[in-house]
Every structure is written in structure tokens, then in C-alpha cells.
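Asker: Here is the input, now give the coordinates:
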Amino acid sequence: MEARIVPEKRGSAIGSQDRPAPLGTTVKTKIERGDRYSAPEVYNLEITLQEVVRGEEAWARIEGQGVRGEAKAGFEYILCRIQFGYFSRARGFPRSGEAYMILPEHFVAVAADGKTEFESPTLLRQPQPPLIGTSFSVNESREGWILLQLPKDRTEIFLTFRREYAENQYGVWGSMWFQLQ
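Answerer: You can find the predicted model right below:
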């Protein structure tokens, strides 16, 4: 399946809460790095949710890699394969070696209301290759897996990517939304 590239737009763009990006759709967005006391640096991101594996198949893949730990009662594991790209600055002054680390709080599963969040499982080792804990250099793109733990009986759950921002004159940018169904 070839990825579709959808640029970020204001309002109800693909990748917003109103229009979560479907599987295989590349969402282009930006992040601000820096602090409120200096001019922020803006970097381009490209994120594609490439594959979603749920339930028994997800557990079989996790167990096959030697990852141990069962989901909580009434929950099941969901594996998400994501292509993530961190690219040259759109504006700002360069900082040499400005790497970007994917942290557990960047990718979060939420209900359609955007308020109910689902806790990610804590495992000693993530499925390989992992996306969480991966550091990206500028102009680098890779794919990796994240592991979610979601209620078995809920279907209206989405993956969000929480963008960083410098809390300055450029405003606060919201999360990017992806369909898990």
C-alpha cells in the first residue's frame, strides 16, 4: 500500500480530532523546540500509521519476540507500526545535533471524546524495532512499533501524537489523530 501524503491544514484537516488520519495516510506537521524566552525552532514531521495488529495476533507477535507481560483483565494489546520522520527546520536558527527522542507520552490512545486516555503498558522491553525511546537526527526517517493496551469492548479509540511546542507567540498546536480501526 502506498502512503498518501496529506499536508496539515487549519480546521478539520486530516489528522485532526474531527478527521483522524486513516491507516496508511502520511500526515505532515510541525513541532516547535525551544523555550518561551528565545525564538523557537520549527521542525517538520511526517507520521504514518502503517499497520495495526490487535488481540491474539498482537500477543503472538509480542510473545514471539520474547516480550513478557499480560494485558490487564478486560484489556488487549494493540501493536502499531509507525513510520516517523524528523526533518530540517522550517524556520529558526540551527542548533547543532538537535536530536528528537520519542517518549512514551508522545503517542497516546484516547477515546473519541479526547478526554479518556488509556494507559500504555509498562514492559521491560518494547517490540522490535521500537519507536518509543528512539532518537531521531534531523532529516532521519524510520519505522518502529509501539504497544498499546486497550479495552476489548471499545472500538472508538484513536492514536494521538502530542506535538511539542514552545508556548510562545506562534500558539499552541494540538495533537495529531490517527484511526486505529
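
Asker: If you count neighbours, what's buried in stretch 44-58?
Answerer: 44-49, 52-54, 58 (16 or more other CB atoms under 10 Å). Backbone N, C-alpha and C define where each C-beta goes, glycine included.

Asker: Inside helices: which ones of those residues?
Answerer: By the criterion of DSSP state H, membership of those in helices covers A58.

Asker: what would the buried residues of stretch 44-58 look like in a markdown table with distance to A112 and pLDDT?
Answerer: Formatted as a markdown table, the buried residues of stretch 44-58 follow (distance: CB to CB, whole Å; pLDDT from 0 to 100):
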| residue | distance to A112 | pLDDT |
| --- | --- | --- |
| N44 | 28 | 89 |
| L45 | 24 | 92 |
| E46 | 25 | 95 |
| I47 | 20 | 97 |
| T48 | 21 | 98 |
| L49 | 16 | 98 |
| V52 | 16 | 96 |
| V53 | 21 | 95 |
| R54 | 17 | 91 |
| A58 | 22 | 89 |
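
Asker: Please tabulate the buried residues of stretch 44-58 in TSV, including the columns distance to N139.
Answerer: As requested, the buried residues of stretch 44-58 are arranged in TSV below (distance: CB to CB, whole Å):
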residue	distance to N139
N44	10
L45	12
E46	11
I47	16
T48	17
L49	22
V52	27
V53	29
R54	33
A58	32
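
Asker: For the chain, which segments are assigned as strands?
Answerer: With strands called from DSSP state E, the chain shows them at 4-6, 25-33, 41-54, 75-91, 100-101, 107-111, 117-118, 135-136, 140-151, 157-161, 176-179.

Asker: Go through those strands and name the closest to E63.
Answerer: Set against E63 and scored by CB to CB, the strands of the chain come closest in strand 75-91, at 9.9 Å.

Asker: For this protein, identify the residue most remote from the centre.
Answerer: What lies farthest from the middle of the chain is Y37; by CA atoms, centre = their mean that is 27.5 Å.

Asker: ok, now how distant is that residue from I31?
Answerer: Per CB to CB, to the nearest Å, Y37 is found 18 Å from I31.

Asker: which intervals of the chain have sub-threshold pLDDT?
Answerer: The chain contains residues with pLDDT under 70 at 1-12, 34-36, 38-39, 89-97, 124, 164-173.

Asker: Mind doing that once more with 80?
Answerer: 1-12, 32-41, 66-70, 88-98, 122-126, 163-174, 181 (pLDDT under 80).

Asker: For the nearest residue to G55 once chain neighbours are set aside, list each beta-bridge partner.
Answerer: Excluding its sequence neighbours, the residue lying closest to G55 (CB to CB, 6 or more residues apart in numbering) is E76, at 5.1 Å. Beta-bridge partners of E76, counted by DSSP bridges, are L150.
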